[in-house]
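1. Pasting the sequence and the predicted coordinates here, then a few questions.
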Amino acid sequence: MTIIRWHGHACFEIVSDRGVIIGIDPHDGVSLGIRPPMFKADVILVTHNHFDHNAIQVISKPNSKVLDMFEGETTVDNIKIMGVRSYHDPYRGSLRGEIIIYNIEVDNMAITHLGDLGTIPEEKVFSKITPTDILMIPVGGVYTVGPSEAVKVVEKIKPRIVVPMHYKVPGLRLGLKNVSDFLRKVRYDVKRISGREFSISKDKLPSATEIWVLTYQ
């Protein structure tokens, strides 16, 4: 079973069934008003170099493999990772720069993390990141796509599981929208998880798209 654990904002910890730990977009906690991530990663992925996504030192070990805005394909510890370039704003990066979308193949599943996606991607980007099983998508707006755009992205990708991220949680100092703004617009089944993690395997994926909302505690 693969464990997916949310550490608030856009930071996720993915633990493969072989025990390899992947950390994505670490923050330091204090700068945002929330707790820092409390894990160490074998592989660290950074989607872009803004302070709330690139606190590599918080989750790094002496031998951690760091992929910082990595574009292309590579394999680390038998885990295939692809980085695809997109934009942090609707103006081809002229406001907030570029970001990398990561597609991770682990335990026979594809997991896609959209980083601070700020616009609906171009078709050539969609073609590289689909199909995927689990999609981590920002829904809080302001710095990223908002609820309406996020719904359009989900409808285009059609993953099995959608995990909303980068929205308002208790303590967060950024003025993002609540996840409820996104949920009101979706037409998929919503599963609320009473915790910030879940375990999943290929054979346990839902047959149709579901929204899995983790509880930040």
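-> Great, that's in hand.

2. Buried ones in the longest helix seen in the chain, by neighbour count?
-> The longest helix of the chain (DSSP state H) is helix 147-157. Buried residues in helix 147-157, counted by 16 or more other Cβ atoms under 10 Å: 147, 149, 150, 151, 153, 154, 157. Any C-beta I mention is one placed from the backbone N, CA and C, and that applies to glycine too.

3. Likewise for stretch 164-184?
-> 164-169, 172, 174, 176-177, 179, 181-183.

4. among these, which two are most distant?
-> Greatest spacing in the buried residues of stretch 164-184, by Cβ to Cβ: 174 and 183 (19.4 Å).

5. Can I get the buried residues of helix 147-157 in CSV including pLDDT?
-> Formatted as CSV, those follow (pLDDT from 0 to 100):
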residue, pLDDT
147, 97
149, 97
150, 98
151, 98
153, 98
154, 98
157, 98
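
6. the strands in the protein, which residues?
-> Per DSSP state E, the chain carries strands over the ranges 2-6, 12-15, 21-24, 43-46, 65-68, 72-76, 79-87, 98-106, 109-113, 134-138, 161-165, 189-192, 197-200, 210-213.

7. Output the below-cut-off pLDDT ranges for the chain.
-> Within the chain, no stretch falls below the threshold (pLDDT under 70).

8. One more pass at 90, please.
-> 51-52, 88-97, 216-217 (pLDDT under 90).

9. most remote residue from it's center?
-> residue 62 (24.3 Å; Cα atoms, centre = their mean).

10. And that residue, how close does it get to residue 23?
-> 15 Å (Cβ to Cβ, to the nearest Å).

11. Over to residue 206?
-> 26 Å.

12. My guess is residue 167 contacts residue 183. True?
-> No: if you go by Cβ atoms under 8 Å, residue 167 and residue 183 don't touch, sitting 10.2 Å apart.

13. for the residue nearest to residue 23 when sequence neighbours are not counted, what are its contacts?
-> Of all residues not flanking residue 23 in the chain, residue 41 sits nearest, at 3.2 Å (Cβ to Cβ, 6 or more residues apart in numbering). By Cβ atoms under 8 Å, 6 or more residues apart in numbering, residue 41 lies in contact with 13, 21, 22, 23, 26, 59, 60, 61, 64.
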